[in-house]
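> Curious how this folds, go ahead:
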Amino acid sequence: MHCARNEKPTFLFFYLCALLQHVMTVSEIRQRYFDFFEKKGHKIVPSAPLVIKNDPTLLFTNAGMNQFKDYFLGNEPAPVPRIANSQKCLRVSGKHNDLEEVGVDTYHHTLFEMLGNWSFGDYFKQDAIDWAWELLTKEYQLNPKDLYITVFEGDATDKVAADNESKEFWLKHVDPAHILMASKKDNFWEMGDTGPCGPCTEIHVDLRSEDDKLSIPGASLVNKDHPQVIEIWNLVFMQFNRKANGSLEPLPQTHVDTGMGLERLAMALQGKQSNYDTDLFQALIQHMVQHSGKGYGINESTDIALRVIADHVRAIAFSIADGQLPSNSGAGYVIRRILRRAVRYGYQTLELNEPFLCSLVPVLIEQMGRPYQELIAQEALIVKVIREEELSFFRTLEQGIKRMDLLMENSMKSDQRHLNGSTVFELYDTYGFPLDLIQLIARENSFTVDETGFNAELLQQKERSRAATGVTADDWQHVNDEVPTEFVGYDLLQCSSNILRYRKVNQKNRAFYQIVLDTTPFYAESGGQVGDTGWLVDAQGNKTPIFDVKKENNLIVHLCENLPNNLDQTFEAIVDQVRRNNIRKNHSATHLLHHALRQVLGNHVEQKGSLVSPEYLRFDFSHFAKVSDEEMHDIIKRVESQIAANTRLKELRNTPIAEAQAMGAMALFGEKYGDTVRVIQFGESLELCGGTHVDATGEIGLIKVQSEAAVAAGIRRIEMITGNAAEQHYKEETALMARVRAHFKNPKDLLKSIEDLADQNQALTKEIELLIKERNKTIKQDLKSKLETIDGMQVLCVQLPLDSNSVKDILFQLKGEIQPFVGIIGNVDGEKCGLSVMIEESLIESKAWNATQWIREVAPLIQGGGGGQAFFATAGGKNPKGLPEALSILKQKL
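Model (predicted):
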């Protein structure tokens, strides 16, 4: 039943409308979007993983179009002309950085769902606009009077006219007063510094009260960051290509790329004033209300904390489910920052001192598990990783607060109540303290904070990071007519190839070239397997080395230091066969290892990362305990048994994904698979894999597990060598054992001989320690005669030919026997030297002395560094000539 708009409603009518009205849940909104566009001839496809694998410009999927970049770039044809989906996106770094706004306002998020529909050379502006209006006003029944449209006004610099075509299409539906012309900043969308781009038209909704709408027209608030006048849908019309010199050229085909934030749409359809008031977030917020005992909607700072936590747990959980664990670098560092920001709000505002984020995971799965099955499958791992990260950060917070207390204490001793920029940055960078937490603690202790100095340090760090990762690329130079690159490397290691295009790239102050071939035997780095190396050889026999091969999106690019001569000739593309064979052995061994791990440890084991190189393999997997010696022995035995069986490779190419899954082929979470896949089978081991493998397991040869250890909460890592590397290892071990036997004169029981020697060594060590203690007592008694009385203190300042441990022992003995005592000793031990300072505790308080500060001041004189506590500190160095000056400076302080 629909409420009629053109008739005067009666009370009974409103009552019936209220009874029959159904507020759509987020799940229903998502499904209705799919149904609408499926009827319009679109194929509904799943969301791509959050973590980007083959795009050097992105860490995370930050827009719905990311997985379709190859279609827009022309690297490969789109499988169908019309597609729609809901894409999980993360915006926390780079150009789209919403992190600091999340939770403070009511409509920004780290993770969000982007509803999108795409046309690849099919429909264009008219259909995109007509369907958007139909969906919003007919299907979702938004009031047309609440909708405002922005259209690109043109740009003189780019010589692009206003998008009057889109405006005319909108005028069929919209009051002219609700159509606003907007600048390039807001209404011209670009994929990056170069590449496909074009004008866009945005749909905004006014969610204010009727009184507010009458008071201030909604048109004046569009694009003004008003929390209730917000953009909900952006329709991008890709019709240009931005070149490296900044100029635009028309694309050979035009495309449509639209994106609508599901959370914002839900806010509008559910009649809420905040995204966080929708059903999707309220379940998470109300759980935290019960957990913390803090109400929502009462206090602004509490509300912000609850919103931050509800938002951030989604980003963290989805990232872990897609295979990205928190770490100290790259995408993992971003996830750790998000997690720690959430924990910090819980700690600082909700007064929570124990893990709480992990308890939200079941609530999140209840809300989003059905459309995103990876959450359900990875629940145990997600909970474990989040809990361990929380525990770790709570310990870091405790250490950071102690560090800040010490910094403030030392500052007060110098009659200062000020924390300088470098000190504040240390707390931020090392202990994860955000600036506002530092300022809060400082204010509570009547301290000021050097915010300007902190910002300067932060800027320097960002500049260093940008310089380390900066990449610039020239425009592609086309040599031959474009065709999709054919990869023949599963069957051939050499083939005839023509260069399609090339470009020059600068990365980390290194210049090289990227080459695209029409046919290539080179495997591009993917799925953990490193790229091939080899050569391009021309008809005259001139070789151009290929030092790496990578995928940019799905484009295979060959990296070389210099370009070949005569680019338009035909080349022989030749892979380094020895290197490839070693890679094949390690990759196949990885599959056998994975299968054996699941057999021995259980089916909860899943691959969480891998590296397949010519030298060794590295395999990360989910497991919550150390692999015992017995389990490892069983795992190795099973792998060796498969190798000995010489099991033949069974390879199925272009297999429909549903058929492969029905066979039981293992797919990895966080990987994006197409409609057809490649299946690799060795006996019972059955996986989806695009890598290169041996023809039979016997080719792998010997194996040797080199290490097994934890790399993160719930994640273990095995490193292993195979083939020639394993053979070389065993040869070296055998030779070493022979030398050891010879050293012990070839005893019958070598182990007993080694144990006897260790026992003898331990006994002699104890005897030496006793002798050193007796010697130190003698030295101590001699040093007592060298004590000086300075200002009522007993002072020892000498240089000795002793080791640092003996110096420490002597100083602690003297401190226990003489009061008040100050000891300053410089020592020389072979090529090493040291400084030690001992200060009686009563002097630390009465004179505000600090041994650590003194040591750090003079340590550079001996070309060393040091630290310690206020009463005792040491420094080690390598310049004994600096000891006299250092001792003189320290003595003068008395």
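> Which stretches in the stretch 401-550 of the chain count as strands?
418-419, 448-449, 471-473, 477-478, 486-487, 494-507, 510-517, 519-520, 534-537, 543-546, 548-552 (DSSP state E, counting those that start in this stretch).
> how about these, which one is nearest Q253?
The closest of the strands of the stretch 401-550 of the chain to Q253 is strand 477-478. By CB to CB, the value is 17.0 Å. In short, each C-beta sits where N, CA and C put it, glycine included.
> which strands and helices sit next to the closest one?
Packed against strand 477-478 by the contact rule (3 or more CB pairs under 8 Å, 6 or more residues apart in numbering; DSSP states H and E) you find strand 494-507.
> Just the buried positions in the strand it packs on, please.
The neighbour-count check on strand 494-507 (16 or more other CB atoms under 10 Å) flags 494-495, 497-502, 505 as buried.
> Need these in JSON lines (columns: distance to P252).
Formatted as JSON lines, the buried residues of strand 494-507 follow (distance: CB to CB, whole Å):
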{"residue": "Q494", "distance to P252": "34"}
{"residue": "C495", "distance to P252": "29"}
{"residue": "S497", "distance to P252": "25"}
{"residue": "N498", "distance to P252": "21"}
{"residue": "I499", "distance to P252": "21"}
{"residue": "L500", "distance to P252": "16"}
{"residue": "R501", "distance to P252": "15"}
{"residue": "Y502", "distance to P252": "20"}
{"residue": "V505", "distance to P252": "24"}
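> got those residues as a markdown table, with distance to E630 and pLDDT columns?
A markdown table is the format used below for the buried residues of strand 494-507 (distance: CB to CB, whole Å; pLDDT from 0 to 100):
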| residue | distance to E630 | pLDDT |
| --- | --- | --- |
| Q494 | 47 | 97 |
| C495 | 48 | 97 |
| S497 | 51 | 97 |
| N498 | 56 | 97 |
| I499 | 56 | 96 |
| L500 | 55 | 95 |
| R501 | 56 | 94 |
| Y502 | 55 | 95 |
| V505 | 51 | 92 |
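> Now flag whichever of these is closest to N164.
The shortest separation between N164 and any of the buried residues of strand 494-507 is 35.4 Å, and it belongs to R501 (by CB to CB).
> That closest one contacts D518, doesn't it?
No - counting by CB atoms under 8 Å, R501 stays clear of D518, with 10.2 Å between them.
> in this protein, which residue is closest to the centre?
In the chain, the residue lying closest to the centroid (CA atoms, centre = their mean) is A331, at 1.3 Å.
> Which of the three states applies to that one?
helix (DSSP: H, G, I helix; E, B strand; the rest coil).
> ok, it - contacts?
51, 59-60, 319, 324 (CB atoms under 8 Å, 6 or more residues apart in numbering).
> hang on, the earlier thing: tell me the one among the buried residues of strand 494-507 nearest to N879.
V505 (45.1 Å).
> Please name the nearest non-neighbouring residue to the closest one.
A473 (4.7 Å; CB to CB, 6 or more residues apart in numbering).
> residues contacting the one you found?
194, 244, 503-506, 514.
> which one of those residues sits closest to A377?
The nearest member of the contacts of A473 to A377, counting by CB to CB, is Q514 at 37.3 Å.
> Report the separation between that closest one and F425.
Using CB to CB, to the nearest Å, one gets 38 Å for the distance from Q514 to F425.
> do you know which of the strands of the stretch 401-550 of the chain lies nearest S628?
Once the strands of the stretch 401-550 of the chain are compared by CB to CB, strand 548-552 is nearest, at 38.9 Å.
> Pull that closest one out as PDB, backbone CA atoms only.
Extracted in PDB, the C-alpha atoms of strand 548-552 (Å, rounded to 0.1, in the frame of the first residue of the first chain):
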ATOM      1  CA  ASP A 548      60.900  -9.600 -12.900                       C
ATOM      2  CA  VAL A 549      57.400 -10.100 -14.200                       C
ATOM      3  CA  LYS A 550      54.400  -8.700 -12.400                       C
ATOM      4  CA  LYS A 551      50.600  -8.200 -12.800                       C
ATOM      5  CA  GLU A 552      49.200  -4.700 -12.700                       C
END
